[in-house]
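Colleague: predicted model and sequence follow; I will ask about them next.
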Amino acid sequence: MTGQLECCQGDIARQSDIDAVVNAANAELRPGGGVAGALHRAAGPRLDRACRPLAPIAPGEAVITEAFDLPNRYVIHCLGPVYGRDRPEAELLAACYRNALELAERHGLTSIAFPALSAGAFGYPLEEAARVALATVHETLPRCPGIAKVRFVLFDAGSAEVFQRSLDALG
């Protein structure tokens with residue numbers, strides 16, 4: 001693995017040292033609750049307008065827009081699987097992380113911040129989501145040599161701890 005991988009508790013809409021933040025999007029790429037709501041509120045209404053022609057997206061897909069009023073250059077929008085409905089869940093969740101990293105690499109970005117995709121309203125168990133996320137990023141980063149930093153930004157301390165344990169388990 002080439003890039004630096006880190007986990008922290010924080011607000012994904014306030015990662016000013018990161019090129020792209022990842023939105024836990026809905027299929028229509030519209031503002032909503034959780035991460036999508038926070039990013040859309042912080043980015044302003046132009047983000048919603050930029051997303052409309054790109055929708056709908058399917059589970060596992062990723063698309064990119066400007067970040068507008070966010071402190072980042074881009075937002076990468078990923079639709080994670082709904083646990084128990086979109087199958088195979090682990091493969092679709094892994095595709096989100098892989099596709100986001102590959103999109104960042106193609107756009108010449110050096111840093112990216114992820115939330116815990118699918119682990120909120122989409123019901124993915126947090127520990128399993130963390131294992132899939134970190135293993136996929138660890139496996140994908142060597143094919144994305146331009147990416148120097150990947151940060152997982154978790155909303156609460158408990159989630160950050162779960163992700164940190166999964167990161168530590170990778171060795």
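Modeller: Noted; the coordinates are in hand.
Colleague: which parts of the longest helix seen in the chain are buried?
Modeller: Taking DSSP state H as the criterion, the chain has its longest helix at helix 89-106. Across helix 89-106, burial judged by 16 or more other CB atoms under 10 Å covers 89-90, 92-101, 103-105. Where you see a C-beta, it was placed from the backbone N, CA and C, and this is true even at glycine.
Colleague: now flag whichever of these is closest to A160.
Modeller: Y97 (17.4 Å; CB to CB).
Colleague: for the closest one, what are its contacts?
Modeller: The contact partners of Y97, by CB atoms under 8 Å, 6 or more residues apart in numbering, come to C78, F114, L117, V132, A133, T136, V137, T140.
Colleague: pLDDT of the longest helix of the chain, averaged?
Modeller: Across helix 89-106, the average pLDDT comes to 98.
Colleague: how far off centre is that helix?
Modeller: Centroid displacement of helix 89-106 relative to its chain, using CA atoms, centre = their mean, to the nearest Å, is 9 Å.
Colleague: helix or strand next in line after that helix, which one?
Modeller: Next along the chain after helix 89-106, taking DSSP states H and E as the criterion, comes strand 111-114.
Colleague: what's that following strand in contact with?
Modeller: With CB under 8 Å, 6+ apart as the test, strand 111-114 has contacts from 12, 15, 17-22, 76, 97, 100-101, 104, 133, 137, 147-153.
Colleague: now the buried members of those residues.
Modeller: Buried, going by 16+ other CB under 10 Å: 12, 15, 18-22, 76, 97, 100-101, 104, 133, 137, 147, 149-153, out of the contacts of strand 111-114.
Colleague: among those residues, which are located in helices?
Modeller: Counting by DSSP H, the part of the buried ones among the contacts of strand 111-114 found in helices is Y97, A100, L101, A104, A133, V137.
Colleague: how many neighbouring residues does the residue lying closest to D19 once chain neighbours are set aside have?
Modeller: What sits nearest to D19 in space, not counting adjacent residues and going by CB to CB, 6 or more residues apart in numbering, is L109, at 4.0 Å. With neighbours defined by other CB atoms under 10 Å, the count for L109 comes to 23.
Colleague: got a list of what L109 touches?
Modeller: Residues near L109 by CB under 8 Å, 6+ apart: D19, A20, R73, Y74, G146, I147.
Colleague: got the confidence number for the last one?
Modeller: To tie it back to what came earlier, the one meant is I147. Per-residue pLDDT puts I147 at 98.
Colleague: looking at this, V63 is in a helix?
Modeller: No - using DSSP: H, G, I helix; E, B strand; the rest coil, the assignment for V63 is strand, not a helix.
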